[in-house]
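**Student:** return a 3D structure for these sequence lines:
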Amino acid sequence: MITIQQVTSRDADLRQLISELDDDLFQRYPAEQVHRLDLDHPDMEQVTFVVAYLDAAPVGCGAIRRLDDQYTELKRFYVQSSHRRKGIAGQLLTALEQRAGEQGHSGIRLETGAAQPEALAFYERNGYIAIERFGEYVYDASSLCYEKSI
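**Tutor:** Predicted coordinates:
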């Protein structure tokens, strides 16, 4: 059974999953192209984090961070490779989209890269469309950005 739980940036399960995500990203991209979050920064209290559990074991995570009154940004979205294709990512995404709507946002934006073809296919399957680079990604030629109205 999959459950989604909202957690803080200090949650041990979240930190372990984000560490696994970072390891994966550093294998795919040069270090300067990996956009990380400082989980100890005071601003993290403004970020909504969730962890997906499969039979009480943490297997995925994600976050949304407010960009402006209209948009929030999907961040640190990850499911362990051994647990992919089980519907976990879809449930995580749905939970985060719902929270974004509850927070008054009408759209979600995200950044990913070409070295993550499975992520690109997943986002496109879930209604995200390619947009121009935004925010901190404007000058990063390796960034691919997407958006969805919610």
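**Student:** thought Phe134 was touching Cys145?
**Tutor:** Yes. With contact defined as C-beta atoms under 8 Å, Phe134 reaches Cys145; the gap is 5.7 Å. From N, CA and C alone the C-beta is placed, and that goes for glycine too.
**Student:** who has more neighbours, those two?
**Tutor:** Cys145 (20 against 16; other C-beta atoms under 10 Å).
**Student:** now do the same contact list for that one.
**Tutor:** 109-112, 130-134, 137 (C-beta atoms under 8 Å, 6 or more residues apart in numbering).
**Student:** also Val50?
**Tutor:** Contacts of Val50 by C-beta under 8 Å, 6+ apart are 4-7, 61-63, 92, 95-96, 99.
**Student:** which SSE is it in?
**Tutor:** strand 48-54 (DSSP states H and E).
**Student:** what's the angle from whatever helix or strand comes next after that strand to strand 48-54?
**Tutor:** Remark: after strand 48-54, the chain's next helix or strand is strand 57-66, criterion DSSP H and E. Interaxial angle, strand 57-66 versus strand 48-54 (axes from the mean of the first three to the mean of the last three C-alpha atoms, to 10 degrees): 160 degrees.
**Student:** average pLDDT for strand 57-66?
**Tutor:** Here strand 57-66 scores 98 as its mean pLDDT.
**Student:** within the sheet, what are the partner strands of it, with directions?
**Tutor:** strand 48-54 (antiparallel), strand 71-79 (antiparallel) (DSSP bridges).
**Student:** for it, list every residue counted as buried.
**Tutor:** Residues of strand 57-66 classed as buried: 58-66 (neighbour count, 16 or more other C-beta atoms under 10 Å).
**Student:** the bottom helix or strand of the protein by mean pLDDT?
**Tutor:** Least confident element among the helices and strands of the chain, by mean pLDDT, DSSP states H and E: helix 12-28 (a mean of 93).
**Student:** any idea of the mean pLDDT for stretch 109-125?
**Tutor:** 94.
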